[in-house]
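In: Give the three-dimensional model of this entry:
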Amino acid sequence: MASPTAQQLLDDAVRLVFQRWTALQLAVQQEFGGHYSREKAKDLEQIVIAFLHAKHGAIHPDDLALILEDEMDEKFGILLGEEDSDRSHEQVARVLYEFRYHDL
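Out: Predicted structure coming up:
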């Protein structure tokens with residue numbers, strides 16, 4: 001992860017995954033987080049990027065899923081960890097984990 005190129009690739013991966021994450025995009029479009037929903041989504045993006053860059057040891061996708069779950073609840077009032085939710089945050093976490101640990 002020391003190479004700036006690898007860091008930029010990871011940053012780009014986070015942005016692309018977030019752009020395609022339906023739950024997040026609906027929260028922004030429907031302003032679940034209020035008037036500043038777009039800014040809140042950018043904040044979430046930066047939180048995840050910082051987490052992925054700061055962790056020098058191994059992380060587990062569940063750690064990242066928990067961050068996504070907590071932040072989506074806090075920023076948008078979306079409860080992703082509920083029994084009847086789509087649990088998409090877990091899928092997003094696994095995809096980002098793969099980007100973080102494979103071929104970067």
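
In: which element is the nearest residue to residue 19 once chain neighbours are set aside on?
Out: Take residue 19 and drop its neighbours on the chain: the residue closest to it by Cβ to Cβ, 6 or more residues apart in numbering is residue 25, 7.3 Å away. No exception for glycine: its C-beta is placed from N, CA and C like everyone else's. Using DSSP states H and E, residue 25 maps to helix 22-29.

In: how far does that helix sit from the chain's center?
Out: How far helix 22-29 lies from its chain's middle: 12 Å, per Cα atoms, centre = their mean, to the nearest Å.

In: just stretch 17-36 next, same as before
Out: The answer for stretch 17-36 is 12 Å, by Cα atoms, centre = their mean.

In: burial count for the residue nearest to residue 19?
Out: As a burial measure, residue 25 scores 13 neighbours (other Cβ atoms under 10 Å).

In: What pLDDT is listed against it?
Out: Looking at residue 25, its pLDDT stands at 97.

In: That one reaches residue 32, doesn't it?
Out: No - with contact defined as Cβ atoms under 8 Å, residue 25 does not count as touching residue 32 (10.8 Å).

In: Alright, that wraps it up for me.
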